[in-house]
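1. sequence first, predicted model second:
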Amino acid sequence: MQDLAFWAGRRVLLTGHTGFKGSWLLLWLQQLGAQVWTYALEPEPEPNLFRQLAQACPPGESWQHQIGDLADLEALKALVLRAQPQVVLHLAAQPLVRRSYEDPLGTWATNVMGSLHLLEALKPLQHPCAVVMVTTDKVYENREWAYGYREPDRLGGHDPYSASKAGAEIAIASWRSSFCGQGSHQTPHLRIATARAGNVIGGGDWAADRIVPDAMRSLAKGEPIPVRNPRATRPWQHVIEPLAGYLRLAEALAMDPQPPCEAFNFGPSLASNRPVGDLVTTILEHWPGQWLDQSDPLAPHEANLLHLQIDKAHHRLGWQPRWDYATTLARTVGWYRAVHEGASPLDCCLADLNAYTSPLSPNA
């Protein structure tokens, strides 16, 4: 679990805090006692988890809120100068496959050039800084293999989102090789790693064209759930799981004598790789309803089979998933039902965080 002594009072720069994963991570960093500076685009329209949590825990002494675009290099430089971060957690991205077909150039600009703008802004730091750059499980050239991808496997990407994230991995690795070191053109202070995870689920995700938010919206309205690709298999994991991996990776970058400046997969156990149809069926066990197969052979391409090997994170970082598939789905659907029935989103998030970090957590 996370080292409370490490995070208490530590200066952290978090990008993408208005998104689903970023909102959860901001809340967790607050619970750990970190001093957090944030940077992201305006949150999506309501309902939005960031707004729900920020209403209960507004910006103040523990965290500072800044809206901005990764394209604005000067704004990033000014933020880094002000925050003087000891840890950077870069989650800001254009994260949706189907949106990447609508705006491929914007997706590439945000995911590749935006990441490089952040690294360039960090270059002047004069103290050690651990940098975790988050990409996705979709960075691999997907060959529809029956076994999981490992970090050295070939990168690729059919759709603009996947390809842009693979491009970000290459660009980040090149930047690290070129500008981290003792040379006159280099900095000795940055320790940079990438984190690959995807298909996270959990309470508070309201993005369009994601199966769990689509399901929750339909169930709340009493309507059948539309399912566009029921046979596609994904590595389903609760949002807290990879966030725990990012925090552990940051700790290792900052504290280990030989910091792991490389790529790491963070995914669920093999048993959590399930078809979308199975996922929806399990959801309906917790919130009764119906679903409709809306497969479209002419729809934009999405991978059918994808999962990750996570043994490297286990052996190098001591990280492994704590919640199995059943627990993940129960906690996820339970969050949405509770909020639908009037519970506080903040209380539901804190309940999940407390359950996950408890020594008595199921599957721990």
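-> Everything's here; your move. Numbering: from 1, shown residues only.

2. and the strands in the protein?
-> For the chain, the strands defined by DSSP state E occupy 11-15, 35-39, 63-64, 87-90, 129-134, 190-196, 200-201, 225-227, 233-235, 237-238, 263-265, 273-275, 291-293.

3. for stretch 280-288, what is the distance to the chain centroid?
-> From the chain centre to the centre of stretch 280-288 is a distance of 24 Å (Cα atoms, centre = their mean, to the nearest Å).

4. helices of this structure, residue ranges please.
-> Using DSSP state H, the helices of the chain run over 4-7, 20-32, 49-56, 73-83, 97-102, 104-108, 114-122, 160-179, 211-221, 240-255, 276-286, 311-317, 325-340, 345-357.

5. minimum distance to residue 231: which of these has it?
-> Nearest to residue 231, of all the helices of the chain, is helix 276-286, at 6.6 Å by Cβ to Cβ. Placement of C-beta: from N, CA and C, glycine included.

6. tilt between the closest one and helix 211-221?
-> Per axes from the mean of the first three to the mean of the last three Cα atoms, to 10 degrees, the angle that helix 276-286 makes with helix 211-221 is 40 degrees.

7. next, the buried residues of helix 276-286.
-> Within helix 276-286, the residues scored as buried using 16 or more other Cβ atoms under 10 Å are 276, 277, 279, 280, 282, 283, 284.

8. same thing with stretch 216-224?
-> By 16+ other Cβ under 10 Å, the buried positions in stretch 216-224 come out as 216, 217, 218, 219.

9. show me where pLDDT drops low in the stretch 1-150 of the chain?
-> Scanning the stretch 1-150 of the chain for pLDDT under 70 picks out the ranges 1-2.

10. could I get the helices of the chain as CSV with distance to residue 264?
-> Shown next, in CSV, are the helices of the chain (distance: least, Cβ to Cβ, whole Å):
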stretch, distance to residue 264
helix 4-7, 18
helix 20-32, 16
helix 49-56, 25
helix 73-83, 24
helix 97-102, 22
helix 104-108, 23
helix 114-122, 16
helix 160-179, 12
helix 211-221, 24
helix 240-255, 6
helix 276-286, 25
helix 311-317, 5
helix 325-340, 20
helix 345-357, 19
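
11. nearest to residue 230, out of the ones you listed?
-> Closest to residue 230 of the helices of the chain, according to Cβ to Cβ: helix 276-286, at 3.6 Å.

12. would you list the strands of the chain in CSV and tack on distance to residue 45 and mean neighbour count?
-> Formatted as CSV, these follow (distance: least, Cβ to Cβ, whole Å; neighbours: other Cβ atoms under 10 Å):
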stretch, distance to residue 45, mean neighbour count
strand 11-15, 21, 24
strand 35-39, 19, 24
strand 63-64, 23, 18
strand 87-90, 24, 28
strand 129-134, 24, 25
strand 190-196, 28, 23
strand 200-201, 21, 25
strand 225-227, 20, 19
strand 233-235, 26, 23
strand 237-238, 25, 28
strand 263-265, 33, 24
strand 273-275, 30, 19
strand 291-293, 25, 15
